[in-house]
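Colleague: quick one: sequence plus predicted model below, questions after.
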Amino acid sequence: MSDPVGHEAHDDCSWVLERLYQFLDGECPEVEADDIRHHLDACDRCVEDADAVLALKALVQRCCRQSATAPPELRLRLTTQYSRVSITRIEFPHA
Ligand SMILES: [Zn+2]
C-alpha cells in the first residue's frame, strides 16, 4: 500500500484553516478546494470555523451594501449642509 504523501499533508487542520478564506471566496484552485471539502466532511472543528467565517463575511457584506445605497450626491449635499450649520454656529459661539 503506497502512502500518498501530498494528500497526507492536505489532511491537516492548519492547512485547511490557512486556506479557509480563499476557499470560501471561491479563490482556491479546484484541487485544493476538493481537499478542503473532504477535510470539512470529516472535521467538526474546521466546519465550526468555516461557519464563523461565513457569518462574519455575511455581516461585512451587509454593511458594505448598506453604505453603498447612499448615492454620492446625497452624501455631498449632507456634507455641504453640515459645513453650513457649522459656519452659522461659529457666529454665535456663546449661544
Ligand atoms: Zn480540521
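Modeller: The structure has been received and is ready for your questions. Nothing here was measured: the structure is a model prediction, and the numbers come from that model.

Colleague: confidence score at His39?
Modeller: Note for His39: predicted pLDDT of 94.

Colleague: heads up, I number from 40, so please use that
Modeller: Right, with 40 as the first residue, what we last looked at is His78.

Colleague: so which bits of the helix or strand where it lies are buried?
Modeller: Using DSSP states H and E, His78 maps to helix 69-81. Applying a neighbour-count criterion of 16 or more other CB atoms under 10 Å, the buried positions in helix 69-81 are Glu71, Ala72, Asp74, Ile75, His78, Leu79. Any C-beta I mention is one placed from the backbone N, CA and C, and that applies to glycine too.

Colleague: check what pLDDT the nearest residue to the first one once chain neighbours are set aside gets.
Modeller: Using CB to CB, 6 or more residues apart in numbering and skipping residues adjacent in sequence, the residue nearest Glu71 is Arg58, 6.2 Å away. pLDDT recorded at Arg58 is 93.

Colleague: right, and Arg58 touches Ile75 too?
Modeller: Yes: here Arg58 reaches Ile75: they are 6.1 Å apart, a contact under CB atoms under 8 Å.

Colleague: overlap in contacts, these two.
Modeller: Common neighbours of Arg58 and Ile75, counting by CB atoms under 8 Å, 6 or more residues apart in numbering, are Cys67.

Colleague: list the buried residues of the helix of greatest length in the chain.
Modeller: If you go by DSSP state H, the chain has its longest helix at helix 83-107. By neighbour count on 16+ other CB under 10 Å, the buried set for helix 83-107 is Cys85, Asp88, Ala89, Val92.
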